[in-house]
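In: Sequence first, then the predicted structure, then my questions.
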Amino acid sequence: MTMGSQADEKAPTTAKMESLRFTKNIARLYHLYPKTETTSARSLESSEGPKTPYEYFASLDVVDMDGNPISFVSFSEDEKEVFLKAWVEDQAEGIAENMDGDSGALEELRSQNDALEAAVDSASRSSGADGFSDFLNEYRSIYLAENARRIESARSARDSRVSSSRSIDSLNPASVATLKSVYARGRVLINTDSSSSSGIYLGHAGMFSEPTWGVNWGIDGNGTVDISISSWAEDYAWWAGKTDGVQKEPLGAWASTDNKAPDSVKVYKVGNKSWYVDLTGYHSSFSTASTSRCADAVGQAEDELGDPYEYILANKWSTSSFYCSSIVWRAWYDVDSKYDLDSNWWDTWVSPADIANCEDVKRVASFNN
């Protein structure tokens, strides 16, 4: 783990600025579509689909000073503005904290901000008259156009990695020690280094899958034991016994010194962010998911073992094929929709960085291989 460098000290400031830009853009989006309860941009496979700003804010858990549930949509217009102001600051603080020092997550958030800001500006000029679904289409178009070069660069970097792996047992002892110290079933692992992705060149995501850390895991370089679950394109998985699609991942996939392993890894606990009000205003709290909920999420993912890899990023709602971050997102969402591990909740894709930047995870560790 790298600590104390001048670059690391400056990172939170940059992260906070970009995080504030993001939350302010979301507030602007809400003001454009304050009463749009649903969107016609739904998945081809189900009635599920992206949330509108109205749906997002209506879904937040909020309680009054007596602990009674209250709803954002029942607030007066003045109360909504007070809440939105608190949300913008608090949400940005949480994103920046999770993103601290993660250049990949910061790059992805900046790219999303550029597209989001341009699409919101365009919608503002028409006073949102074209509807939220039209906004979504424009956002996607701008994002994909602006990121085509970045994705191609990541593709080249990934494909240029050494083609012959050394050994999945060539473990980094410090990385193994960090994983062991924070291991808990259902926790999420994120790598935002696109050059070591599992297929779509935007990094990688997985989830600790076994009940406990094994006695012999990592001993004498043993990196073949399964510790997590995710989805890989078969040509990008690099260990013996690999398959295509949803599968278990060995310890060495996360903590190996092999050139195909991720350069850096972050580990997150999953929970739920809720809101309460007191005499000083609105505040948030974070409740970590119970061990039974974590086991349920892993069970949901394990039910999909063997399902093929999904190459279409904008299809996170698929229930028949998955990419790495979509299987993690879907597993938790199917446990309870309040576990919506996607900062990009208004659209149909979810990247590893979207999980890292969302409000329902908290970083517990990071390390470099």
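Out: Looks like it arrived, so ask away.
In: Tell me if I am right that Asp220 is in a helix.
Out: Yes: under DSSP: H, G, I helix; E, B strand; the rest coil, Asp220 falls within a helix.
In: Report how many residues lie close to it.
Out: Applying other CB atoms under 10 Å, we find 7 residues neighbouring Asp220. Heads up, the C-betas are built off the backbone N, CA and C, glycines and all.
In: which regions of the protein lie under the pLDDT threshold?
Out: Along the chain, segments meeting pLDDT under 70 span 1-12, 37-48, 127-130, 150-151, 153-167, 194-201.
In: mind listing the helices in it by residue range?
Out: When assigned using DSSP state H, the helices of the chain occupy the ranges 6-32, 53-59, 77-99, 103-125, 132-159, 173-182, 252-255, 291-302, 324-335, 352-356.
In: And these: which comes nearest Trp232?
Out: Nearest of the helices of the chain to Trp232, taken as CB to CB: helix 324-335 at 7.0 Å.
In: What lies in contact with that closest one?
Out: The contact list for helix 324-335 (CB atoms under 8 Å, 6 or more residues apart in numbering) reads 188, 197-200, 202, 204-207, 229-232, 246, 270, 293, 296-298, 300-301, 304, 310, 315-316, 318-319, 322, 339-342, 350-352, 354-355, 360.
In: Enumerate every residue touching Tyr139.
Out: Counting by CB under 8 Å, 6+ apart, Tyr139 touches Ala115, Leu116, Ala119, Trp346, Asp347.
In: Save the helices of the chain as TSV, and put in distance to Gly281 too.
Out: Formatted as TSV, the helices of the chain follow (distance: least, CB to CB, whole Å):
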stretch	distance to Gly281
helix 6-32	16
helix 53-59	16
helix 77-99	6
helix 103-125	26
helix 132-159	29
helix 173-182	33
helix 252-255	41
helix 291-302	30
helix 324-335	30
helix 352-356	28
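In: right, so of the ones you listed, which gets closest to Gly67?
Out: Nearest of those to Gly67, taken as CB to CB: helix 77-99 at 17.4 Å.
In: for the closest one, packing partners?
Out: Based on contacts counted as 3 or more CB pairs under 8 Å, 6 or more residues apart in numbering; DSSP states H and E, the elements that helix 77-99 packs against are helix 6-32, helix 103-125, strand 264-278, strand 281-288, strand 361-368.
In: Show me which positions of the third one end up buried.
Out: Buried positions in strand 264-278, judged by neighbour count with 16 or more other CB atoms under 10 Å: 264-275, 277.
In: Alpha carbons of it, as PDB, please.
Out: In PDB, the C-alpha atoms belonging to strand 264-278 read as follows (Å, rounded to 0.1, in the frame of the first residue of the first chain):
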ATOM      1  CA  SER A 264      -3.900  -2.200  -7.600                       C
ATOM      2  CA  VAL A 265      -6.900  -3.500  -5.800                       C
ATOM      3  CA  LYS A 266      -9.500  -1.900  -3.500                       C
ATOM      4  CA  VAL A 267     -11.800  -3.800  -1.200                       C
ATOM      5  CA  TYR A 268     -15.300  -2.500  -0.100                       C
ATOM      6  CA  LYS A 269     -17.900  -3.500   2.400                       C
ATOM      7  CA  VAL A 270     -21.500  -3.200   1.200                       C
ATOM      8  CA  GLY A 271     -24.300  -1.600   3.200                       C
ATOM      9  CA  ASN A 272     -27.100   1.000   2.900                       C
ATOM     10  CA  LYS A 273     -26.900   4.700   3.200                       C
ATOM     11  CA  SER A 274     -29.900   6.300   5.000                       C
ATOM     12  CA  TRP A 275     -30.800   9.800   6.100                       C
ATOM     13  CA  TYR A 276     -32.200  11.400   9.200                       C
ATOM     14  CA  VAL A 277     -33.100  14.900  10.200                       C
ATOM     15  CA  ASP A 278     -32.400  16.800  13.400                       C
END
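In: Can you tell me the strand partners of it and which way each runs?
Out: strand 61-63 (parallel), strand 188-191 (antiparallel), strand 281-288 (antiparallel), strand 361-368 (antiparallel) (DSSP bridges).
In: how distant is the third one from the center of its chain?
Out: Translated: strand 281-288. Chain-centre distance of strand 281-288: 20 Å, with CA atoms, centre = their mean, to the nearest Å.
In: what's the angle between it and helix 77-99?
Out: Using axes from the mean of the first three to the mean of the last three CA atoms, to 10 degrees, the inter-axis angle of strand 281-288 relative to helix 77-99 is 40 degrees.
In: And the contacts of strand 281-288?
Out: 62, 82-83, 86-87, 90, 94, 269-277, 362.
In: again, but for the last one
Out: Contacts with strand 361-368, where a contact means CB under 8 Å, 6+ apart, come from 1-2, 97-98, 100-102, 172, 174-175, 178-179, 181-182, 187-188, 255, 263-271, 286, 288, 341, 355-356.
In: From those, list just the buried residues.
Out: So, by 16+ other CB under 10 Å, the buried ones in those are 98, 100-102, 172, 175, 178-179, 182, 187-188, 255, 264-271, 341, 355-356.
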